[in-house]
Structure formats: C-alpha cells, structure tokens
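Trainee: how does the following fold in three dimensions:
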Amino acid sequence: MTAFDWQRMLLDDFPVLFLGEVALRALFAFVVVFLFLKVSGRRGVRQLSLFELVVILTLGSAAGDVSFYEDVPLLPIAMVFATLLLLYRLTVLAMSHSIRFSNWMEGKPVTIIEDGLYALNSLNRYNISSDEFFMELRQQGVEHLGQVRLGILETDGDVSLYFNPPEAIKPGLSVLPPEHRPAYERMPATAVYACTRCGHTQLINSQQQALCPRCRHAVWSLALNNQRLR
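Mentor: Next up, the predicted model:
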C-alpha cells in the first residue's frame, strides 16, 4: 500500500458513477428515516426517551450501511425500517395498556427538588449528581434552591420546575458555577450556609465546622436569599 495514494483515499477501485449511486442511496435513507418519524408520530427530537433513542440509533446504523456500502441492497434495508416501525407501534400500544410496562421501558418522572432541598432518595437511587442539572436551573432563571418549591426530572431529560411565590422564598444553595459559589469546611464568617450536597441550610458561626444533620456532609456554601428574576 502506498501512503497518501489519492486514488485510494478518494474513490479506491469504484467507478466515478458510483458517487451517483451513493447520492441515490443517501436520498433513500433520508426519505425512509423521515417517513418513519412522520408515521410514528414524532413531532421533534429535541429530547428522546431511552426507548426512542435506541430506535433512532438503529435507524441511523441501517441508513449509514445502505448509504455507503455497495454490497448492501435497498429492499432488505426497507424491511429493517418496516420491522422497526412495527415494533415501535406494538411497543407504544403495549405501553398505553400497561403502566408497569411503560415505566419499565421509559422510566418515571423523578422528584429531585422538594421545598428547596434535594431529594436524597432520588439522588442516591438514580446516581444523580447535582452538577448535572445546575445548568438547566440557571437557564430557567434559578439562582438558588430556595426559589424552587418542586423540581421534577422528566423521562426525556428535561427538568420541570415549580417556583415559590416571592414571599415564600427562603435561603438556599446557590446553583451558580464554582467560581461564584465558594465552598468551605471552616466558615469564614457567621452566616446562613447551605450544604453543598443536599441543600440544607443553617446558621453557622465564624471559624466553626459542622456536619449537615440531613446528609452528614461537611462542605458548605454561603446560602443565597435573592428574589428570582423574571
């Protein structure tokens, strides 16, 4: 083999007309995937459930094979798409008739914030890191957990938030990036601090160390009490 052989790198032993066949195959794959999404009832793919993600990845694999490999005929790939569509419809039908099966396939909404605190059972059971949705909270105008009455992690990965009214906002854990949310084990001043793991708040004196009574964590951040900007 010769290095930097442009004939091999660009087209290898295929004739130039094969580029036209590749274009036709790519068009075929595009149309079939588009029709699949239309027939299946999907209106968008911003967030996919686990089940839908598996279907899309399988579609992408089949579409890639038929687009680039000259020895992959079109009709078997069409059968792959038809089979996936049938399986999709049957699975959706089964999910609509069985809540247990639906929960097993796509999961259930998970409460992650309750009354300004992280739900410890959810964090531990589902191995959720608070940093995973801090960005989502900031994008929805949240500065600290005391502004949030209820937060639910949906099955598609979105976070649904229900806010406290202004008069009910209390001190809470900051969701700002680490450079704007310094953490302490020994408090620099007497103030209300928030546990960086669960959000519990309490007054801690200057130069004092404390264990969180809720989760036994020893790292704290200064609690914020700002109103939510609309």
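Trainee: where in the protein is pLDDT low?
Mentor: The model of the chain has pLDDT under 70 over residues 1, 8, 37-50, 67-68, 70, 72, 126-130, 132, 230.
Trainee: what domains does the record give for it?
Mentor: The chain is divided into the following domains under automatic domain parsing: 12-104, 110-222.
Trainee: list the contacts of residue 137.
Mentor: Neighbouring residues of residue 137 by C-beta atoms under 8 Å, 6 or more residues apart in numbering: 148, 151, 159, 161, 175. C-beta: built from backbone N, CA, C; applies to glycine.
Trainee: one more time with 6 Å, if that's ok
Mentor: residue 175 (C-beta atoms under 6 Å, 6 or more residues apart in numbering).
Trainee: quick check: it is in a strand.
Mentor: No. Read with DSSP: H, G, I helix; E, B strand; the rest coil, residue 137 is helix and lies in no strand.
Trainee: residue 63 versus residue 184, what's the distance?
Mentor: 53 Å (C-beta to C-beta, to the nearest Å).
Trainee: ok so, going back, most tightly packed of the domains of the chain?
Mentor: domain 110-222 (a mean of 17; mean count of other C-beta atoms under 10 Å).
Trainee: quick one: end-to-end distance for that one.
Mentor: 27 Å (C-alpha to C-alpha, to the nearest Å).
Trainee: and the domains of the chain as JSON lines, adding distance to residue 229?
Mentor: Listed next are those as JSON lines, based on distance: least, C-beta to C-beta, whole Å:
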{"stretch": "domain 12-104", "distance to residue 229": "25"}
{"stretch": "domain 110-222", "distance to residue 229": "6"}
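Trainee: quick one: residues in contact with the one helix or strand residue 31 maps to.
Mentor: Assessed by DSSP states H and E, residue 31 sits inside helix 18-40. Helix 18-40 has contacts (C-beta under 6 Å, 6+ apart) with 59, 63, 66-67, 81, 85, 88.
Trainee: closest one of these to residue 15?
Mentor: Distance to residue 15, by C-beta to C-beta, is smallest for residue 67 among the contacts of helix 18-40, at 17.5 Å.
Trainee: any idea which of the domains of the chain gets closest to residue 2?
Mentor: Between those, domain 12-104 lies closest to residue 2; by C-beta to C-beta that is 12.7 Å.
Trainee: among the contacts of helix 18-40, which two are most distant?
Mentor: Longest span within those, C-beta to C-beta: 67 and 88, 21.7 Å.
Trainee: ok, which stretches of the chain are helices?
Mentor: Per DSSP state H, the chain carries helices over the ranges 6-10, 18-40, 50-68, 74-97, 99-106, 120-125, 131-139.
Trainee: fine by me, we can end here.
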